[in-house]
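> quick check, what structure comes out for this input:
(2 chains)
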Number of protein chains: 2
Amino acid sequence: MTFPANRKGLDFFFYPETLAIVGVSTGPTAWSAGAMYFESLRLFGYQGRIYLVNRKGGDFNGMRLYPRLVDLPETPDLVLCCIAREFIPALMDECVAKGVKAVSIFTGGFSERTGNEGRRLEQEIVSRAKAGGVRVLGPNCLGPFCPEVRLSPGTEFPQGSGPIGFISQSGGNAINFIRASSQRGIRLNKGISFGNASDINESDLLEYMANDPGISIIVMYLEGVKDGRRFLQTLKEAVKKKPVAIFKGGVTEAGAGAAASHSGSLAGSGRVWDALCRQTGVVQVDSLEELIDSVVTFRFLPLLKGRRVGLVGMTGGATVQAADDCAEGGLVLPKLSRDIEDELRRHFNNDPGLILHNPIDESTHGFTDGIYWPLKIMQKADVDFLIVHIPMGMFLLPRAISEVTSLKVLVNDVVRMHQEGSMPMAVVISHTILPETRVAAIECQETLAAAGLPVYGSVSGAARAIDRFIRYYAWRVEV
Amino acid sequence: MTFPANRKGLDFFFYPETLAIVGVSTGPTAWSAGAMYFESLRLFGYQGRIYLVNRKGGDFNGMRLYPRLVDLPETPDLVLCCIAREFIPALMDECVAKGVKAVSIFTGGFSERTGNEGRRLEQEIVSRAKAGGVRVLGPNCLGPFCPEVRLSPGTEFPQGSGPIGFISQSGGNAINFIRASSQRGIRLNKGISFGNASDINESDLLEYMANDPGISIIVMYLEGVKDGRRFLQTLKEAVKKKPVAIFKGGVTEAGAGAAASHSGSLAGSGRVWDALCRQTGVVQVDSLEELIDSVVTFRFLPLLKGRRVGLVGMTGGATVQAADDCAEGGLVLPKLSRDIEDELRRHFNNDPGLILHNPIDESTHGFTDGIYWPLKIMQKADVDFLIVHIPMGMFLLPRAISEVTSLKVLVNDVVRMHQEGSMPMAVVISHTILPETRVAAIECQETLAAAGLPVYGSVSGAARAIDRFIRYYAWRVEV
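Below you'll find the model as predicted:
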């Protein structure tokens, strides 16, 4: 795409036409943030123009190193700052002088650190920037990700753009979320890691994404909230427009202490947070894994009429636990009608070793014969949706059939049924043990997601996420 | 080893010198339980003698097929029965006539099925067997596993023998447990899947393993209990001798319905089960994954003086969540002394981006420089044990260093410190996303376990398991 016209405010973080990386180390150090940004942008195919700044001058991988920001031949929209903290206040003056709109500061060692020096420096940076009309992201953050213009702070991120907005206080959690969710079909419209929130905070970003027409689902990882009243108000508005799922770190005293050291956050008590979530209709989750389960659900599961699930799985022990997991997750497993049960029984030639009245355990039949026909029969069941559970590593197969072969047959059958049928389906691939099965499971997740199916790593994760999905829409229609 | 002398009772299930598989199908069917047993025993190197029975006679893979059990040239200690249910009562008469001691029935379709025919047949089988002095395992079970004599019902199980006894009502869960726990260093002394418990039940097996000197930790997966009073009494005795960890399936109504169909179990209410566990000091867990976390802990973690943990990890967001997970799991994270903190700070050249007062986030330093020296410093900390957290997929590395390289360096450092130091350590490898990292993580788990270290897939799993471990020994010293 071309860069949008009439950019203003936070647009300059996501759609910079020109970008400067300040602090590209040329020494023999194994790891330089500036070099990493440069490499990531090049590999990802960033569509704007890049300039590199290093006070010593010279060149880096064929690119000229400008000694100072003010030496650049044009004004960068965005500056990615990787220099030592004590030099950053002066850099802000240069940014003001040059007319830069946006600065993202990777460097750490500010308000997240004990001692006053970091806090003082952070205030100094923000006050110089603000006085000159420059907006600051961070410090202590990874910065923006916008696949539309191929702006990426990291490698091994997916190239495509999707309808998800992701706001993360932590850079590491952002990296993990983007990579892990991509294997389950999630593509971001925009992502941002915002660190200490010295200037731009969670409310600014939430408001921006709530008003972004390219974003239909917002996902957040927070450690603290800068202005509780404003955040509550912003959240209330956002949640009426689109689902907002939040994982809050630092809910225990130990976690809050770590959060203070990580992003300088005052984490607040878990109880206050719970109360805030109940007031707003936000989708509250308890781990990064649950955040991914939730975004997958909102992205791929169609609206459901209710919480009555038909659970179709394989092997008895796994099916007993899956039924417990569904019930504990708030789902309901109604008994099947006699007609459906009889049809299933006939299909399986009256094999006595099966469970056929919801949950359904089709035992090894699934692994050897696939799952198309049982799912076809279940299309007629009086339930609101199906969970298809494929537990690997629970059975003994004839040596002619590998787990991988079996998994792929099952996944193809689910995709085929999804294309032909109308019953909403969620898929769980669990209990992967053998190395080759683990690798194949990743491919199969991608196949399922490409067909538009939500896929999970455990029945308990799926059940909890679907329960939250149902509760969000029940809340929304009442508002 | 040679088969033990003076075998009696259940010994014949685990140490059969001669074994007959009845019902080895020779047709073109893709899957035959009898053929699977035969193949597994051959591949695993079973040290006794095998006979095959098929009413049509002939031969199978070069082995003679005897038309009837009574035709065998000697009396098998154990019969593995895979024929259709209606022929089994007559087989029991043959077993009695031949002097067989033990029968394990794979065939399903008995008391776990609705309708009276299955229940009637099951009673008929047990009454004929008991009258003739034959003990029955199952029906609807996978049977015994005893690596000492290379008796195995499945492939891809580890060959070695260890101090664990595993009792599972489900065959699938047994398969999964054996395979998955083996990647974390667990080796069974004996395992058994017992299905419907028509004759031999959970109390018989628990009592047997409680008295087995080769077993120091007992692990169970149950769906129901046949005789509550006897089980309570047996459990009370067992738990005084060795830890017993139990995962109970069928704790919700939906799960109990599935359990009834899977193993004919009356699952009972979750509340009654909770009360029973509290009375006995049993280690109660809520999933198969937690059962594996528990057995790994009891197997590899040394006794702890208390629940004060030093948490050493990498990247901020992962460390905040890890601290929350430890606290929520019941562990305590004391602040480090000023001396230790200063020493860590000096080691990291005053890098301001780190968290260094428990939890410790050494950020990317760990991934590029390893973890030996921080762990060395932490040997002196005033905590009872360390959790070393290696979260993959949370960081951006220079392209010269792959995640796999980094993981292996970290794991080698942990092993080295474990050999040199005295502080108990638990290791978590989490957030594996890239396919090559997932495969390498399995290898690394095996390396850590071989060095005698407990290894987990999540900090929350580790914390919960270690809390249960501490509570078990606290309970035991009070009894």
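
> got any ranges where the stretch 151-300 of chain A has weak pLDDT?
A:266-267 (pLDDT under 70).

> which bits of it sit near chain B?
The stretch 151-300 of chain A comes close to chain B at residues A:153-156, A:168-176, A:179-180, A:183, A:221, A:223, A:249-255, A:257-259, A:261-263, A:287-288, as judged by Cβ under 8 Å from any Cβ of the partner chain. From N, CA and C alone the C-beta is placed, and that goes for glycine too.

> what about those residues, which are in helices?
Using DSSP state H, the subset of those located in helices is A:171-176, A:179-180, A:253-255, A:257-259, A:261-263, A:288.

> might you report the residue contacts of whichever residue of the stretch 351-479 of chain A sits closest to chain B?
Chain B sits closest to A:P352 of the stretch 351-479 of chain A, with a gap of 2.4 Å, by Cβ to the nearest Cβ. When contacts are counted by Cβ atoms under 8 Å, 6 or more residues apart in numbering or on different chains, A:P352 touches B:85, B:108-110, B:113, B:118.

> one more pass at 6 Å, please.
Counting by Cβ atoms under 6 Å, 6 or more residues apart in numbering or on different chains, A:P352 makes contact with B:108-109, B:113.

> ok, which of the residues you listed also contact chain A?
Subset of the contacts of A:P352 in contact with chain A: B:108-109, B:113, counting by Cβ under 6 Å from any Cβ of the partner chain.

> partner residues bridging A:V22?
A:V53, A:C81 (DSSP bridges).

> residue of the stretch 201-350 of chain A closest to chain B, please.
Closest to chain B within the stretch 201-350 of chain A is A:G317: 2.8 Å, counting by Cβ to the nearest Cβ.

> ok, that residue - contacts?
Contacts for A:G317 (Cβ under 6 Å, 6+ apart) come out as B:170, B:172-173.

> so which residue is dead centre in chain A?
A:F177 (4.1 Å; Cα atoms, centre = their mean).

> tell me the spacing between that residue and B:M392.
A:F177 is 14 Å from B:M392, where distance means Cβ to Cβ, to the nearest Å.

> thinking again about what came up before, in CSV: the contacts of A:G317, plus neighbour count and distance to A:S406.
What follows is the contacts of A:G317, written out as CSV (neighbours: other Cβ atoms under 10 Å in any protein chain shown; distance: Cβ to Cβ, whole Å):
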residue, neighbour count, distance to A:S406
B:S170, 31, 19
B:G172, 30, 14
B:N173, 28, 18
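
> restrict these to those near chain A?
Counting by Cβ under 6 Å from any Cβ, B:170, B:172-173 from those sit close to chain A.

> dump those to CSV, plus distance to B:V388.
Putting these into CSV (distance: Cβ to Cβ, whole Å) gives the following:
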residue, distance to B:V388
B:S170, 33
B:G172, 33
B:N173, 30
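
> in this structure A:T297 contacts A:R464, no?
No - contact criterion Cβ atoms under 6 Å: A:T297 and A:R464 do not qualify, at 9.5 Å.

> what about A:R55, which helix or strand?
Under the assignment given by DSSP states H and E, A:R55 is not contained in any helix or strand.

> what about the residue of the stretch 1-150 of chain A found nearest chain B, neighbour count?
Across the stretch 1-150 of chain A, the shortest distance to chain B (Cβ to the nearest Cβ) belongs to A:G109, at 2.4 Å. Using other Cβ atoms under 10 Å in any protein chain shown, A:G109 is surrounded by 21 other residues.

> return the backbone torsion pair for it.
Torsion angles at A:G109 (phi, psi; degrees, to the nearest 10) stand at phi 100, psi 30.

> would you confirm that it contacts A:E86?
No - here A:G109 lies out of contact with A:E86, judged by Cβ under 6 Å, at a distance of 9.3 Å.

> about what we covered before: helix, strand or coil for the residue of the stretch 201-350 of chain A closest to chain B?
helix (DSSP: H, G, I helix; E, B strand; the rest coil).

> excluding its backbone neighbours, what's nearest it?
B:S170 (2.8 Å; Cβ to Cβ, 6 or more residues apart in numbering or on different chains).

> that neighbour: what's it in contact with?
A:316-317, B:221.

> tell me which residues touch the residue of the stretch 1-150 of chain A closest to chain B, please.
Contacts for A:G109 (Cβ under 6 Å, 6+ apart) come out as A:85, A:118, B:352.

> tell me the confidence at the last one?
Translated: B:P352. According to the prediction, B:P352 has pLDDT 74.

> which SSE is it in?
With DSSP H and E as criterion, B:P352 is part of no helix or strand.

> what about A:D384, neighbour count?
Neighbour count for A:D384, taken as other Cβ under 10 Å: 20.

> please name the nearest non-neighbouring residue to A:L72.
With Cβ to Cβ, 6+ apart, the residue lying closest to A:L72 is A:Y51, at 5.1 Å.
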